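Q: what follows is a protein structure lacking sequence information:
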């Protein structure tokens, strides 16, 4: 084993790291898919993945602490350059049905597999600038998710494509307060982008127009009845001649009959122009830069035991972008009809839009015990997902805002795992974790069909020299059934279950100068 990987000796080692770094930089432009609950991502370390991220800030020798807990950089002696890529294969398959506001079944299939396989990259640099001070920089993807269904699936009015992604650039520093305690802080610049698409149920839109016509007709009938009652009272009081009153009543009745006929014709025209199954299409896209911070503490409890605590702030965004819509020929005729000029019909025209969105605060604790032939650790993280209550888009034109309720709950991630040192070069890893879901039945959406997850991981590390190390890890994610029973703004209800799972493969290269 000591004579293996000879091709990585000499200059080839930094070249191999450079090649992986280039792959990471390329992957930073790619969309990501979540393995942690909702669209939170922990995949910034292949070494950490091997032990289910137990000891993520305390196991040592991992430059990802630049973004996970800056105080733990005190353990990185020298200068580190680390590149990680994790391929995430996530599957989400729906089984169920949908019906509209009139309880008519909505046509379409189950949407296929809404999951995908995409990379999650990370790149870190950390260096010791004095006996007590370390600085570092990192590029990572702490949040990301993508689902995409067939365009004609039964839940198309709830969502077709959903893509969320946050890219972080982090600058960190740590200071050794004493030989056993250090503090660290980070500045985070985050770019968050979102893209949402869905079908538009123009039959339901037409139904709301018809309901508006019925409402106006009912109001007109009530007004006519009140007018007739007033005339009859005036006749009884001798205020107007009976013949004159009768003529006035007849005129009101004729106007009411004509109004009813006009309303019936208008309703028939709207129904004909917005038949069932004729859909439009909406695509909303936006992005924004936001800024945050984190603080960490790192303790050497004993020569073999370490504890780290970290708090990462929430980051608020106002996403700015565009709303693009594809209408139907029938709806275009309604918009062009002078009779509906003042009806307040949604224009569904291309426009600008804004939406407020916040990535959550995270508090975490990491423990590690080191022995001669093995090490084991525990991690616990609390994510404040209750900041995500809804996603509301305000448009730049007269179009009414669109809003989707989420009302997520805070979550806990807990893991235990360890390393087994076969020799001074080869390390085996393993771990298990559980991650609660912020979603719940009342608002769970097919955009993020999430439920509580369990993860089992294995990994291997090879130290080719004192300067160069490579790691590989695999994880499988088991997801509880995600039940869905949700109704959208046009009265379309989606009911059923999602069968989800995930597979992760992480690779990393670390070079120590």
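A: Received it, and whenever you're ready, just let me know what you need. This one's a predicted model, so the numbers in the text were calculated from it and none came from an experiment.
Q: where does this protein dip in pLDDT?
A: 1-38, 341 (pLDDT under 70).
Q: go through it and flag its longest strand.
A: Longest strand in the chain, counting residues (DSSP state E): strand 279-302.
Q: what's the next secondary structure element after that strand?
A: strand 305-312 (DSSP states H and E).
Q: now that next one: buried residues?
A: Going by neighbour count (16 or more other C-beta atoms under 10 Å), the buried part of strand 305-312 is 306, 307, 308, 309, 310, 312. Using the backbone N, CA and C atoms, a C-beta is placed for each residue, glycine as well.
Q: find the nearest non-adjacent residue to the third one, please.
A: This means residue 308. residue 57 (4.0 Å; C-beta to C-beta, 6 or more residues apart in numbering).
Q: touching, residue 287 and residue 190? I think so.
A: No - the criterion here is C-beta atoms under 8 Å, and residue 287 misses it with residue 190 at 10.7 Å.
Q: the longest helix in this structure is where?
A: helix 202-236 (DSSP state H).
Q: how distant is that one from the center of its chain?
A: 46 Å (C-alpha atoms, centre = their mean, to the nearest Å).
Q: angle of that helix against strand 279-302?
A: 110 degrees (axes from the mean of the first three to the mean of the last three C-alpha atoms, to 10 degrees).
Q: now do helix 202-236: which elements does it pack against?
A: Judged by 3 or more C-beta pairs under 8 Å, 6 or more residues apart in numbering; DSSP states H and E, helix 202-236 is in contact with helix 242-273, helix 329-336.
Q: list the buried residues for the last one?
A: Burial within helix 329-336, assessed by neighbour count using 16+ other C-beta under 10 Å, is assigned to 330, 331, 334.
Q: about what we covered before: the residue nearest to residue 308 belongs to a helix?
A: No - assigned with DSSP: H, G, I helix; E, B strand; the rest coil, residue 57 falls outside any helix and is coil.
Q: show me what contacts it?
A: Counting by C-beta atoms under 8 Å, 6 or more residues apart in numbering, residue 57 touches 65, 68, 69, 71, 72, 296, 298, 308, 310, 364, 366, 379.
Q: which of those residues tops the neighbour count?
A: residue 65 (37 neighbours; other C-beta atoms under 10 Å).
Q: which ones are touching that residue?
A: 56, 57, 72, 73, 75, 76, 126, 136.
Q: against residue 196, how distant is the third one?
A: Taking C-beta to C-beta, to the nearest Å as the measure, residue 72 falls 37 Å from residue 196.
Q: ok, residue 462 touching residue 423?
A: No - with contacts counted by C-beta under 8 Å, residue 462 stays clear of residue 423, the gap being 10.5 Å.
Q: pick out whichever of the two has more residues nearby.
A: residue 462 (16 against 10).
Q: so the more buried one is in which element?
A: Assigned by DSSP H and E, residue 462 falls in strand 453-463.
Q: could you identify the most distant pair in the buried residues of strand 305-312?
A: 306 and 312 (19.6 Å; C-beta to C-beta).
Q: assumed residue 88 was part of a strand.
A: Yes - counting by three-state DSSP, one finds residue 88 located in a strand.
Q: tally of neighbours for it?
A: Neighbours around residue 88, by other C-beta under 10 Å: 25.
Q: hang on, the earlier thing: higher neighbour count, residue 287 and residue 190?
A: residue 190 (19 against 16).
Q: quick one: that one and residue 313 touch, right?
A: No - the pair residue 190 / residue 313 is not scored as a contact, 10.4 Å apart, by C-beta under 8 Å.
Q: overlap in contacts, the two.
A: residue 292.
Q: closest to residue 398 out of the buried residues of strand 305-312?
A: residue 312 (40.0 Å).
Q: enumerate the beta-bridge partners assigned to residue 297.
A: With DSSP bridges as the criterion, residue 297 is bridged to residue 183, residue 309.
Q: isn't it up against residue 180?
A: No - using C-beta under 8 Å, residue 297 is not in contact with residue 180; the gap is 11.4 Å.
Q: between the two, which has more neighbouring residues?
A: Counted by other C-beta under 10 Å, residue 297 and residue 180 do not tie: residue 297 has more neighbours, with 20 against 13.
Q: residue 87 versus that one, what's the distance?
A: 33 Å.
Q: what of residue 188?
A: From residue 188 to residue 87 the distance is 25 Å (C-beta to C-beta).
Q: packing partners for the helix or strand where residue 403 lies?
A: Assigned by DSSP H and E, residue 403 belongs to strand 402-405. Applying 3+ C-beta pairs under 8 Å, 6+ apart, we find strand 402-405 packed against strand 390-395.
Q: and the angle from the strand it packs on to strand 279-302?
A: Using the same axes, to 10 degrees, strand 390-395 lies at 130 degrees relative to strand 279-302.
Q: mind listing what strand 390-395 pairs with, with the direction of each?
A: Using DSSP bridges, the strands paired with strand 390-395 are strand 351-359 (antiparallel), strand 402-405 (antiparallel).
Q: check which residues of the longest one are buried.
A: Judged by neighbour count (16+ other C-beta under 10 Å), strand 351-359 contains these buried residues: 353, 354, 355, 357, 358, 359.
Q: and these, which is closest to residue 206?
A: residue 353 (24.0 Å).
Q: what pairs with that closest one across the strands?
A: In beta-bridge terms (that is, DSSP bridges), residue 353 pairs with residue 321, residue 395.
Q: which is the next helix or strand following the helix or strand where residue 49 lies?
A: Using DSSP H and E, residue 49 falls within helix 46-50. Toward the C-terminal end, the helix or strand that comes next after helix 46-50 (DSSP H and E) is helix 65-68.
Q: ok so, going back, just flag the most distant two among the contacts of residue 57.
A: The widest separation within those (C-beta to C-beta) is 15.2 Å, between 71 and 379.
Q: count of residues packed around residue 470?
A: 21.
Q: same deal with the one 10 residues further on?
A: Other residues within reach of residue 480, judged by other C-beta under 10 Å, total 14.
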